[in-house]
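Undergrad: Test case, fold it:
(6 chains, ligands or ions: 6)
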Amino acid sequence: MQTHPKKRIEIVTEMPMLRRITARLDEAGVTGWSVVPILAGHGQSGDWTAEGQISATRQMVMLISIVDAARLDAVLDTVFAVVSTHIGFVTVSDVAVVRPEKF
Amino acid sequence: MQTHPKKRIEIVTEMPMLRRITARLDEAGVTGWSVVPILAGHGQSGDWTAEGQISATRQMVMLISIVDAARLDAVLDTVFAVVSTHIGFVTVSDVAVVRPEKF
Amino acid sequence: MQTHPKKRIEIVTEMPMLRRITARLDEAGVTGWSVVPILAGHGQSGDWTAEGQISATRQMVMLISIVDAARLDAVLDTVFAVVSTHIGFVTVSDVAVVRPEKF
Amino acid sequence: MIDLALQNLLSPMVLFFVLGLGAALARSDLSVPEAVAKLLALYLLMSIGFRGGVEVAHHGLTGQLVAAIAAGVLLSFTMPLIAYGLLRATSRLDPVNAAAVAAHYGSISAVTFVAVTGMLSQLAIAYDGYMVAVAAAMETPAIVTALMIARRYVKSEAETVERGQMMREVLFNGSIVILLGAFAIGAITGTRGATLLKPFLIDAFPGFLCLFLLDMGLVAGRGLAQGRRYLSVPVTAFAIVMPLIGATLAAALAVPIGLSPGSTAVLITLAASASYIAVPAAMRLALPQANPAIALTLSLGVTFPFNLVFGIPLYIAVAGRIAS
Amino acid sequence: MIDLALQNLLSPMVLFFVLGLGAALARSDLSVPEAVAKLLALYLLMSIGFRGGVEVAHHGLTGQLVAAIAAGVLLSFTMPLIAYGLLRATSRLDPVNAAAVAAHYGSISAVTFVAVTGMLSQLAIAYDGYMVAVAAAMETPAIVTALMIARRYVKSEAETVERGQMMREVLFNGSIVILLGAFAIGAITGTRGATLLKPFLIDAFPGFLCLFLLDMGLVAGRGLAQGRRYLSVPVTAFAIVMPLIGATLAAALAVPIGLSPGSTAVLITLAASASYIAVPAAMRLALPQANPAIALTLSLGVTFPFNLVFGIPLYIAVAGRIAS
Amino acid sequence: MIDLALQNLLSPMVLFFVLGLGAALARSDLSVPEAVAKLLALYLLMSIGFRGGVEVAHHGLTGQLVAAIAAGVLLSFTMPLIAYGLLRATSRLDPVNAAAVAAHYGSISAVTFVAVTGMLSQLAIAYDGYMVAVAAAMETPAIVTALMIARRYVKSEAETVERGQMMREVLFNGSIVILLGAFAIGAITGTRGATLLKPFLIDAFPGFLCLFLLDMGLVAGRGLAQGRRYLSVPVTAFAIVMPLIGATLAAALAVPIGLSPGSTAVLITLAASASYIAVPAAMRLALPQANPAIALTLSLGVTFPFNLVFGIPLYIAVAGRIAS
Ligand SMILES: Nc1ncnc2c1ncn2[C@@H]1O[C@H](COP(=O)(O)O)[C@@H](O)[C@H]1O
Ligand SMILES: Nc1ncnc2c1ncn2[C@@H]1O[C@H](COP(=O)(O)O)[C@@H](O)[C@H]1O
Ligand SMILES: Nc1ncnc2c1ncn2[C@@H]1O[C@H](COP(=O)(O)O)[C@@H](O)[C@H]1O
Ligand code: NA
Ligand code: NA
Ligand code: NA
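TA: Numbering: from 1, shown residues only, chains lettered A, B, ... in the order given. Ligands and ions are numbered 1, 2, ... in the order given. Down below sits the predicted model:
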């Protein structure tokens, strides 16, 4: 089956920042994104777990967005501007898709 | 540590389709798959969130399957036949594994 | 935006093993990890689903850790020693990050 | 009747729904976790089913049961035809989307069923326990009619693939299974079971219902915010007119059967309600070309609030007049 | 006794379990979210523990407590030997899998403990509050015995790695901590605490139990569907015979100790039950070579339904005859 | 007073908190799912808000309400200044982290509010229903003060980006919306609503509170284990001294207003409490440079246990003496 190269952006960020980042993604013209939960984690700011939490403060989520390579830099610029001052990080990897026009 | 190349298929699909797609994966001879939850998302058909939902209609999940490259096309063909008429998409990427015989 | 290559390790493992594996990751000097839930799956040991479960025995989770390539082998060695005798597997893939010093 | 409307408007249930709706529209981060929403739905269906069964154990099954089920099935089979005709005549929905919406309005809403029983208990109006079975019987026929309509326009998935499997999934969908299962358990265990489960399944019901309606308000509010674009005037009007048509038909059938005022109110409300759980899922399988956001926005965003706030007190008042 | 069996069979608890089992086997999508299942388990253990403590605050601890705990520990240490012997003699399970299954049957099932106390309350048969402590004491010894058996065949993980850590994890596993913790709180706060918490922790108990057994039915049904291949005749027979052996041994120990009928029924049921929470997790850590699906299919898919439907009424009837 | 302290220490609520704390420190795997924790918080705020509203419907609003709200707002505006001065004088926290912590201590903790009302009910001491509104009014002002302090040191995000949006998010945060919404519904539906919802919203309250405090104990224990490194002597001392300062100020304001003993105890407790939901989230948005673990460790790990075990009985005793 013929596939086409795209970029997969993965943003690990704090829950309270979610709305602000997705707003930026929408502005940057990505065609879609998905939010995957994270249960627990460890990093420079220590350990955390979602267990029993009623506050979203110390909770992280993973945003995934498949984008066209042509749009990658614009998306990274706008997202990174918000993420950089906060807890979290951004990774980019290569994927292949079947329906290139969707992204 | 010696690693071996395999393919990672990621299928983002509607919850009501899950059983049908996993049945196809099984038929196509994949050795395994895992279902990861999605909390919320945005795409051509608008925004959705799982929050407070009692109906699975507008809910997406992410199916992940590590497969051997030799089987990739067969898997994509059978899965894509189902996914294509529905909301969702399929991506493929390269991964390396330690125990190649498992996949 | 300038990006730098890193490795993304994904460990699918049994819930009861989680603490032991994260302890190993910490020892191996990874700077961080995140735990993503899995809802259901299929593999050589059959099907399982988290639905309605009160016991964590048949439940899998996905550990994700972004590491520097220089540390990859050490991490794989220590993690694989634990995972190999258990249900689960490890995959490695290439990613690019914006802030290389974080990993 | 104005009394009834006011009492309804100022009931804790309706007020909690309004609170949720307002919070969602104000973009508050108030939210009910998905697992909790599912617990609430499970509890409410279990409670209604069980109480219906206990009532049947007490009063026995009457011949009316068969007539009421037949009336319900007839309504469910025919209402999609009316709904489809109405939508095609007045709105710009294409045939497939119109058929999908018609299926929702022909079937019934378990959520609305819960609401009307809550309101009736509050007013101390009795209804027959077997109405639980009527509700369950009304869920599926509308799907069949809608698929028959759509077949003229698309090769529905349900034909190419396993139509039987889909129908089985609809028949055994979770909300029907728990409703009828709890009904059977109530009928078997009767007063003995009722005494045992009273504090949890009966006394706590209004509280659970308030929490559930808070959640439904939140979900409806979010749905409205996101589905605004589907709310053209004709389509929105449909979501209010169609329930009234369904209500009228149900009323016309209830009188000859001789249903009690409470049961008449329930049958009318069922006919006036639009599915929110069973049909949407079935449509995703059988008519994937239809946009699920349209029917869901109408069903939970327009028709449910309309029924909750205005419809149900109206139906109860009418039932009180026309029923024996 | 036939009366008791019938009353049990037609109790809402058993019927909700059967409903769940049936729904899972019919592949309905009825489901209880994982978070809700965990809430139900937490609530039930908290309620049982607390009530046990309140009872102890009221009647005081008797010397029997020590004897009952000793009996329980003895049973838990020895039953795995019998189970292992039986499995090796009759089935084709290899030594490691046989040892893992034996650990499950030597230990106890908190889920079954909850069920027997629910049944006893329904029958208004009192049991001693300290049986909570007996249950907790019976969880761990079987694990030790099973690991000793398995050591002859595999270098168990628990030796190469931290055996102490694993044992600590078993001792402090969530279900023991909440059971004993709530027991202590009940004992400390006594009647004062009981009055305060009655509506939630005591009155609502049967309702929570029904919901929980619905879920256990669903999980057991799914487990049976997927674990069929492990259910060879000898292995299935083991899952019914072993509980009866355990029950007999427990009965033989309960009489000389002079336990009341209720407490005797509880001790017998504990011995006849197979672990579903603590032991499976411990086995994953200590004997990862064992296939977890075998023991779980037997424990929740065969032994638990057997005990719930037939075993418990039998144990209660027997206890009523033999106990003073 | 020693009586009161002892009765508090041995109340089921405090004991369940201690159980959770102990379990977390012993690294037990006992845990409350996130969705359940959120249900418990939702329920408790709904219950408190609703009961406050019902009480207001019954006794009417007095002029004291305005004075009490004014006092609360004044406290919330000024306490961060004191907290900031204290932290900078005694500890090594940098200005931004000190400002963030100060915001937490100026604001109030809904969790502590729930605990003090639970304790008062248990002691049958009445407090005014409108204290719910006072609590809501005290949440936000401290954030404003803290941001003004921090502005001298960092260009806070809230300036560069949308400050208004953040303030709106704080005002409409879920816990305020449900608290005030349920308050309004209680006030509107009065006795009628209270009768309907009594079994769920009122009778079950102590049970839900115990489960919630078990969870808070677990979370606090985990937080302490992981946040140890932030607990220097001056910072830990601050987490105990600052509540006492807030309590003293609140007491000084409550007397001239003429609040009842119960309401005085609530106002004191609110002032003595440190935010755990609303302020932490706001700080992540407005002062991302601040380390969230510091304030959370202090607030839930030190100040909340201190208030729960020692503070609240002290505040109630003092209020009983000084209030009219
Ligand atoms: N290298 C990493 N790989 C995967 N997840 C990470 C990594 N570093 C940080 N995280 C996640 O991001 C959270 C915050 O990281 P940090 O800002 O380093 O404290 C952690 O608790 C993890 O959930
Ligand atoms: N480019 C994308 N990247 C990640 N997830 C996506 C993307 N597009 C769509 N999705 C997910 O798939 C769902 C349905 O997409 P759509 O069919 O475009 O409405 C969305 O709500 C997202 O959860
Ligand atoms: N090829 C695969 N791709 C994705 N997940 C897998 C794969 N194989 C196994 N898994 C996951 O790991 C679990 C245990 O696998 P197994 O040890 O093969 O039974 C499965 O139930 C899945 O959740
Ligand atoms: Na209808
Ligand atoms: Na046993
Ligand atoms: Na304060």
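
Undergrad: Stretch D:256-276 near chain E at all?
TA: No - for stretch D:256-276, no contact with chain E is found by C-beta under 8 Å from any C-beta of the partner chain; the gap never falls below 15.3 Å. Quick note: C-beta positions are derived from backbone N, CA and C, even for glycine.

Undergrad: average model confidence for that stretch?
TA: Stretch D:256-276 shows a mean pLDDT of 97.

Undergrad: Then stretch A:5-20?
TA: Averaged across stretch A:5-20, pLDDT comes to 95.

Undergrad: which parts of it are buried?
TA: A:6-18, A:20 (16 or more other C-beta atoms under 10 Å in any protein chain shown).

Undergrad: State the pair within these that is farthest apart.
TA: A:Lys6 and A:Pro16 (29.3 Å; C-beta to C-beta).

Undergrad: okay, now the residue lying closest to A:Ala74 once chain neighbours are set aside: neighbour count?
TA: Of all residues not flanking A:Ala74 in the chain, A:Ala28 sits nearest, at 5.3 Å (C-beta to C-beta, 6 or more residues apart in numbering or on different chains). For A:Ala28, the count of nearby residues is 18 (other C-beta atoms under 10 Å in any protein chain shown).

Undergrad: Run through who's touching the longest helix anywhere in chain A.
TA: Counting residues, the longest helix found in chain A (DSSP state H) is helix A:69-83. With contacts defined as C-beta atoms under 8 Å, 6 or more residues apart in numbering or on different chains, helix A:69-83 is touched by A:5-7, A:9, A:11, A:13, A:17, A:20-21, A:24-25, A:27-30, A:65, A:67, A:89-90, A:92, C:1, C:3, C:98.

Undergrad: now swap in stretch D:22-30 and tell me
TA: Under C-beta under 8 Å, 6+ apart, the answer for stretch D:22-30 is A:56, D:20, D:217-222, D:224-225, F:168-169, F:172-174, F:177-178, F:181.

Undergrad: wait, doesn't D:Gly49 sit right on D:Phe183?
TA: Yes - using C-beta atoms under 8 Å, D:Gly49 and D:Phe183 qualify as a contacting pair, with a distance of 4.2 Å.

Undergrad: okay, and the common contacts of the two?
TA: Common neighbours of D:Gly49 and D:Phe183 (C-beta under 8 Å, 6+ apart) are D:Val132.

Undergrad: Now A:Thr91: which helix or strand?
TA: strand A:88-97 (DSSP states H and E).

Undergrad: For the residue in chain A positioned nearest to chain B, which non-adjacent residue is closest in space?
TA: Proximity of chain A to chain B (C-beta to the nearest C-beta) peaks at A:Gly32, 3.7 Å away. Leaving aside its sequence neighbours, A:Gly32 sits nearest to B:Gly43 (C-beta to C-beta, 6+ apart; 3.7 Å).

Undergrad: got the contact list for the one you found?
TA: A:31-32, B:87.

Undergrad: Would you mind putting those into JSON lines with pLDDT and neighbour count alongside?
TA: Conversion of the contacts of B:Gly43 to JSON lines gives the following (pLDDT from 0 to 100; neighbours: other C-beta atoms under 10 Å in any protein chain shown):
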{"residue": "A:Thr31", "pLDDT": "95", "neighbour count": "17"}
{"residue": "A:Gly32", "pLDDT": "97", "neighbour count": "20"}
{"residue": "B:Ile87", "pLDDT": "91", "neighbour count": "20"}
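
Undergrad: So which residues of the stretch 201-324 of chain D form helices?
TA: Secondary structure of the stretch 201-324 of chain D, counting by DSSP state H, counting those that start in this stretch: helices at D:205-227, D:233-257, D:261-272, D:278-286, D:292-296, D:304-306, D:312-322.

Undergrad: Relative to ligand 5, which of these is closest?
TA: Between ligand 5 and those, the shortest separation by C-beta to the ion is 36.5 Å, and it involves helix D:205-227.

Undergrad: Of the contacts of helix A:69-83, which belong to strands?
TA: A:5-7, A:9, A:11, A:13, A:65, A:67, A:89-90, A:92 (DSSP state E).

Undergrad: which two in the residues you listed are spaced the farthest apart?
TA: The distance between the two most remote of these (C-beta to C-beta) is 25.6 Å, for A:Pro5 and A:Thr13.

Undergrad: Can you pull out the low-pLDDT segments for the chain?
TA: Using chain A here. Counting by pLDDT under 70, not a single residue of chain A qualifies.

Undergrad: right idea, wrong chain: chain D
TA: D:1, D:155-162.

Undergrad: Around chain B, which positions in it sit nearby?
TA: D:31-34, D:37-38, D:40-41, D:111, D:157, D:161, D:215, D:218-219, D:222, D:226-227, D:276-277, D:280-281, D:283-285, D:288-289, D:291-293, D:296.

Undergrad: And the buried ones among those residues, selectable in PyMOL?
TA: If you want just the buried ones from these in PyMOL, going by 16+ other C-beta under 10 Å, the selection is:
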select buried, chain D and resi 31+32+33+34+37+38+40+41+111+157+215+218+219+222+226+227+276+277+280+281+283+284+285+288+289+291+292+293+296
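
Undergrad: Does D:Ile202 touch D:Arg51 like I think?
TA: Yes - applying C-beta under 8 Å, one finds D:Ile202 in contact with D:Arg51, separated by 6.6 Å.

Undergrad: what about the two, which has more around it?
TA: Comparing D:Ile202 with D:Arg51 by neighbour count (other C-beta under 10 Å), the higher total belongs to D:Arg51, at 22 against 18.

Undergrad: Please give me every residue in contact with that one.
TA: D:129, D:186, D:194, D:201-202.

Undergrad: Who are the contact partners of D:Ala37?
TA: Neighbours of D:Ala37 in contact, by C-beta under 8 Å, 6+ apart: B:52-54, D:212, D:215, D:219.
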